[in-house]
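Student: Structure of the sequence below:
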Amino acid sequence: MSGAAVPQAALGDATVEVTSWLESNPELAAVLILVVAVAAWGATRALQRFRRPDGARFLAALRDEDAVTVLTHPNPDPDAMGTAAAVAHLAERVGTDATIQYPGEIRHHQNRAFRTVLDLDMDRVRRTADMASESVVLVDHNRPRGFQGARNLEPVAVVDHHPGNGTGEVFTDVRPDYGACASIVAEYLRELDAGFVDQDDFVPGDDDGDVTVPAQVVTGLVYGILSDTDNLTNGASPAEFDASSFLYAGVDQDALKRIANPRVDAESLEVKARAITDRDVRAPYAVSDVGEVSNVDAIPQAASELVNLETVTAVVVYGDDGETIHMSGRSRDDRVHMGKALEEVTDDIPMASAGGHARMGGGQIDIVHMEGLAGNGIDRSQLTERLFTAMGGEEIDGAEPVDAD
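Tutor: Numbers count the residues shown, from 1 in each chain. Predicted coordinates:
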């Protein structure tokens, strides 16, 4: 009877009969097993042939758009900018107009040098209406943030290496086990059998069906990898070493040197000095409040210096620009996942955001909402205590609810 369940007893009898037949015909059984194995192997190989590599799928997603906005996270770093430049290049190779945009500001001296030396064309965005196109590709983050209307933006594609569940409507590639987003795009280039050319020899639109990448883009990807992994010494996976090896032949060595050794402004040195002088060390952790600064990008530089102190294994440095507290954390302690620790610290504070990787994290807190519009929030000394508590793996006592309006 069609659709009727097969009685359990009948299944049992059938199993017994098949087993008995196999035992009485060992030669035929062996042939049958071999045929099944070969068929399974053939099916697997067929699926592998039909499944296109990620690079080809990403290129197809770009090709389907008339124009794309390649969007970085707020205050983009070399990994974000280098990845964005490579994605924009791939888009233009398949006839899709591409514009690189970013929220926030580019203030860190090394980030400014990166943009200037590589001559990157990037536009600032403050609201959704500023987007150069309706189709948006997120790089180095998987959820839009940092501008008005970000929560309502639905990207067409996402390429990222940070933890998170943000997705693209057409293409999503999020690999939290990678140390840099640039490594993912480098894999795309290798899958596409991309060739490298000197910047002076690069001719736009002259690929003849192949993908060629100018030194400007290659150098950006390499420095993005080096920057996000502290020269392949912190948080690097095998993918970063493979990508660096693959890209090396196309690097502009002079440009790479200029990016890596920019002049340091006096305030950055002063902030580093304050972070060291005013540090609060409760071994093996340290927290330093550097107060108000005009260049908040000096804060992560100070954190990178402070974590090198003897007996210190995890640090957070924070300061403010008059309205927002900016936090930067570094960890070389397997017990401290810095990104999650900072998330815990800001979890119940309205208008605050934080996150990152095990070794590196950052966050921002609106001062008014941290202190509470009715005075029922937390002050800076309590923030310091929260940071120590979170790094120590203890539960943070929630602050009184603060008014988010």
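Student: Quick check: residue 345 is in a helix.
Tutor: Yes: under DSSP: H, G, I helix; E, B strand; the rest coil, residue 345 sits within a helix.
Student: Isn't it up against residue 363?
Tutor: Yes: counting by C-beta atoms under 8 Å, residue 363 is a contact partner of residue 345 at 7.3 Å. From N, CA and C alone the C-beta is placed, and that goes for glycine too.
Student: Looking at these two, which has the bigger crowd around it?
Tutor: Neighbour count, other C-beta atoms under 10 Å: between residue 345 and residue 363, residue 345 has more, with 28 against 23.
Student: what is in contact with residue 345 and residue 363 at once?
Tutor: 327, 354 (C-beta atoms under 8 Å, 6 or more residues apart in numbering).
Student: Walk me through the domains of the protein.
Tutor: Domain assignment of the chain by automatic domain parsing yields the ranges 17-50, 55-260, 266-391.
Student: Relative to residue 397, which of the ones you listed is closest?
Tutor: With C-beta to C-beta, the closest approach to residue 397 among these belongs to domain 266-391: 8.3 Å.
Student: What is the end-to-end distance of that closest one?
Tutor: End-to-end distance of domain 266-391 (C-alpha to C-alpha, to the nearest Å): 31 Å.
Student: Quick one: distance of that domain to the chain centre.
Tutor: Centroid separation between domain 266-391 and its chain, computed with C-alpha atoms, centre = their mean, to the nearest Å, is 20 Å.
Student: Quick check: mean pLDDT of that domain?
Tutor: In this model, domain 266-391 carries a mean pLDDT of 93.
Student: Which residue is the nearest non-sequential neighbour of residue 364?
Tutor: residue 324 (5.3 Å; C-beta to C-beta, 6 or more residues apart in numbering).
Student: residue contacts, that neighbour?
Tutor: Contacts for residue 324 (C-beta under 8 Å, 6+ apart) come out as 364-367.
Student: ok, now residue 222?
Tutor: Residue 222 makes contact with 82, 182, 244, 247-248, 251, 256 under the criterion C-beta under 8 Å, 6+ apart.
Student: measure the residue lying closest to residue 311 once chain neighbours are set aside to residue 335 for me?
Tutor: In this structure, residue 311 finds its nearest non-sequential neighbour in residue 283, 5.1 Å apart by C-beta to C-beta, 6+ apart. Distance, residue 283 to residue 335, using C-beta to C-beta, to the nearest Å: 13 Å.
Student: Residue 229 now?
Tutor: To residue 335, residue 229 is 21 Å away according to C-beta to C-beta.
Student: same question, residue 246
Tutor: Residue 246 sits 35 Å away from residue 335, going by C-beta to C-beta.
Student: More neighbours: which of those two?
Tutor: In this view residue 246 and residue 335 are compared by other C-beta under 10 Å, and residue 246 has more residues nearby, 19 against 11.
Student: For that one, which non-adjacent residue is spatially closest?
Tutor: Spatial nearest neighbour of residue 246, chain neighbours left out: residue 190 (5.4 Å); criterion: C-beta to C-beta, 6+ apart.
Student: Just give me the neighbour total for that neighbour.
Tutor: Neighbour number of residue 190 under other C-beta under 10 Å is 15.
Student: Could you tell me the model confidence score at it?
Tutor: The model's pLDDT for residue 190 equals 96.
Student: go on, the one 4 residues further on?
Tutor: As summarised for this prediction, residue 194 has a pLDDT of 94.
Student: Could I get the full set of strands for this structure?
Tutor: Using DSSP state E, the strands found in the chain span residues 67-71, 97-102, 122-124, 136-139, 157-160, 171-174, 195-197, 212-214, 280-282, 285-292, 314-320, 324-331, 352-356, 360-366.
Student: Format those strands as TSV; extra columns: distance to residue 261.
Tutor: Formatted as TSV, those follow (distance: least, C-beta to C-beta, whole Å):
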stretch	distance to residue 261
strand 67-71	27
strand 97-102	24
strand 122-124	22
strand 136-139	26
strand 157-160	29
strand 171-174	33
strand 195-197	23
strand 212-214	22
strand 280-282	31
strand 285-292	24
strand 314-320	23
strand 324-331	22
strand 352-356	26
strand 360-366	22
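Student: Please name whichever of those is nearest to residue 61.
Tutor: Between residue 61 and the strands of the chain, the shortest separation by C-beta to C-beta is 4.2 Å, and it involves strand 171-174.
Student: Give me the contact list for that closest one.
Tutor: 54, 57-58, 61, 142, 156-162, 164, 166-167, 184.
Student: Could you identify the buried members of the residues you listed?
Tutor: Among the contacts of strand 171-174, those scoring as buried are 54, 57-58, 61, 142, 156-162, 166-167, 184 (criterion: 16 or more other C-beta atoms under 10 Å).
Student: From those, which land in helices?
Tutor: 54, 57-58, 61, 184 (DSSP state H).
Student: now for those, which pair is the farthest apart?
Tutor: Using C-beta to C-beta, the two most remote members of those are 61 and 184, lying 14.1 Å apart.
Student: where exactly do the helices run in this protein?
Tutor: All helices of the chain, identified by DSSP H, fall at 8-24, 26-50, 54-63, 78-93, 109-117, 181-191, 215-228, 238-247, 253-260, 266-277, 298-306, 338-346, 367-371, 380-391.
Student: Throw those helices into TSV and include distance to residue 290, thanks.
Tutor: Listed next are the helices of the chain as TSV, based on distance: least, C-beta to C-beta, whole Å:
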stretch	distance to residue 290
helix 8-24	72
helix 26-50	53
helix 54-63	41
helix 78-93	23
helix 109-117	17
helix 181-191	29
helix 215-228	22
helix 238-247	31
helix 253-260	25
helix 266-277	5
helix 298-306	6
helix 338-346	17
helix 367-371	15
helix 380-391	11
